[in-house]
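K.L.:
predicted model, plus sequence, below.
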Amino acid sequence: MSHPSFYPGLAALADRYDAFIVDLWGVMHDGIAAFPDAVAALEALKAAGKRSVILSNAPRRADVIVARNAELGIDPGLPDALMSSGEDAWQHLDQRPDPWYRALGRRCYHLGPERDYGMREGLDLDFVERLEDADFILNTGNLSPLDSVETYDDFIAEALALGLPMICTNPDLVVVRGGKREICAGAIAVAFEQRGGEVRWHGKPHPEVYRTCFALLPEVAPERIAAIGDSLRTDVAGAAAAGIDCIFVAAGIHGEELGVDKDGTIDPERYAAMIADAPAEPSAVMPFMRW
């Protein structure tokens, strides 16, 4: 397998593409504050006439994320659009565009923290407190940052016994919040699926959410679109499945593994070892989201 070139930033890559689908957490911010270099890079892309869509595996509506981005230091007008796994799931629950959703009942058990309750608003659903009263599970994530997947063993066993399907609104397994790792909805959904449960996935790496993004960039051919992300499992594999290039940000979720230092030096031997087991390989690598 030939390895892609390492680049210091986007300046050397921008002319290859007309639009970028940009990951949020680990690329634009760390959950606490925006990365100034990343904001400057988006500004430079915009000045160069490039289009951008932020695509987040966040289990929340798009407008909620736009407002949160503003608090973190990302101007709402900087990207051309924002799409999230939560928004994609909400739209499917609202519109029921396919047979799977049309067959779904209305009684929903919501697994997730209170900060995700915006996902409930505006839907014609009855939210129930007990799994035995539910038709399906809406999984937006773990209830406590200290939880492990094992915390949900009994929950999964009960849901399996009842034959309940699950909608996963965030396929991520882990997130790094201010330097600390937490599990995400995806980790619970993977355990549920591995034990025989049925999961409908929204977000990266599943192709459906990329089709939603392409619709937001109707005048741009897919071969002129690149994804930018820091996860081999979601960003790189998702871009490959959608048939577009991916620029990999090494200092994100895989930063420790790759030994990326503060200057942006990537250990090539560690990179080669990590990519050997990856399901897909990026088109280019840069240390941080920067110009």
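P.N.:
Okay, I see it. Numbers count the residues shown, from 1 in each chain.
K.L.:
what segments of this structure are strands?
P.N.:
Ranges of strands in the chain, per DSSP state E, are 19-22, 51-56, 81-84, 107-111, 126-127, 136-139, 166-168, 174-177, 180-183, 199-201, 225-229, 245-249, 284-286.
K.L.:
per-stretch mean pLDDT over those, give me the minimum one.
P.N.:
Sorting these by mean pLDDT places strand 174-177 lowest, at a mean of 78.
K.L.:
hey, where'd the helices end up in the stretch 51-200 of the chain?
P.N.:
62-72, 85-95, 99-102, 153-162, 185-194 (DSSP state H, counting those that start in this stretch).
K.L.:
report the angle between the axes of the fourth one and strand 107-111?
P.N.:
When you say that, I think you mean helix 153-162. In terms of direction (axes from the mean of the first three to the mean of the last three C-alpha atoms, to 10 degrees), helix 153-162 departs from strand 107-111 by 160 degrees.
K.L.:
can I get the CA coordinates of helix 153-162 in PDB?
P.N.:
C-alpha atoms of helix 153-162 as PDB (Å, rounded to 0.1, in the frame of the first residue of the first chain):
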ATOM      1  CA  ASP A 153     -25.100  -4.600  29.700                       C
ATOM      2  CA  ASP A 154     -28.500  -5.100  31.400                       C
ATOM      3  CA  PHE A 155     -30.200  -2.400  29.300                       C
ATOM      4  CA  ILE A 156     -29.000  -4.200  26.100                       C
ATOM      5  CA  ALA A 157     -30.100  -7.600  27.400                       C
ATOM      6  CA  GLU A 158     -33.600  -6.200  28.100                       C
ATOM      7  CA  ALA A 159     -33.800  -4.400  24.700                       C
ATOM      8  CA  LEU A 160     -32.800  -7.600  22.900                       C
ATOM      9  CA  ALA A 161     -35.300  -9.700  24.800                       C
ATOM     10  CA  LEU A 162     -38.000  -7.300  23.800                       C
END
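K.L.:
and it, how far out from the chain's middle?
P.N.:
Its chain's C-alpha centre and that of helix 153-162 lie 26 Å apart, by C-alpha atoms, centre = their mean, to the nearest Å.
K.L.:
which strands and helices sit next to that helix?
P.N.:
Contacts defined by 3 or more C-beta pairs under 8 Å, 6 or more residues apart in numbering; DSSP states H and E place helix 153-162 against helix 185-194. Bear in mind the C-beta positions are built from the backbone N, C-alpha and C, glycine included.
K.L.:
give me the helix or strand of the chain that scores worst on average pLDDT.
P.N.:
Within the chain, no helix or strand scores below strand 174-177, which has a mean of 78 by mean pLDDT, DSSP states H and E.
K.L.:
run the chain-centre distance for it.
P.N.:
Here the centre of strand 174-177 is set off from its chain's centre by 12 Å, with C-alpha atoms, centre = their mean.
K.L.:
give the buried residues for it.
P.N.:
For strand 174-177, the buried set under the neighbour-count rule, 16 or more other C-beta atoms under 10 Å, comprises V175, V176.
K.L.:
how about stretch 139-146 as CSV, C-alpha atoms only?
P.N.:
Output in CSV follows, covering the C-alpha atoms of stretch 139-146 (Å, rounded to 0.1, in the frame of the first residue of the first chain):
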residue,chain,number,x,y,z
ASN,A,139,-29.9,6.3,21.2
THR,A,140,-28.2,9.7,21.5
GLY,A,141,-25.5,8.6,23.9
ASN,A,142,-24.3,7.6,27.4
LEU,A,143,-26.0,9.1,30.5
SER,A,144,-22.7,9.9,32.4
PRO,A,145,-19.2,10.7,31.1
LEU,A,146,-17.9,8.1,33.5
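K.L.:
in it, what counts as buried?
P.N.:
N139, T140, G141, N142.
K.L.:
export these to JSON lines and tack on distance to L72?
P.N.:
Listed next are those as JSON lines, based on distance: C-beta to C-beta, whole Å:
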{"residue": "N139", "distance to L72": "25"}
{"residue": "T140", "distance to L72": "20"}
{"residue": "G141", "distance to L72": "19"}
{"residue": "N142", "distance to L72": "21"}
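K.L.:
what's the nearest residue to E257 if we skip its chain neighbours?
P.N.:
Take E257 and drop its neighbours on the chain: the residue closest to it by C-beta to C-beta, 6 or more residues apart in numbering is M274, 6.0 Å away.
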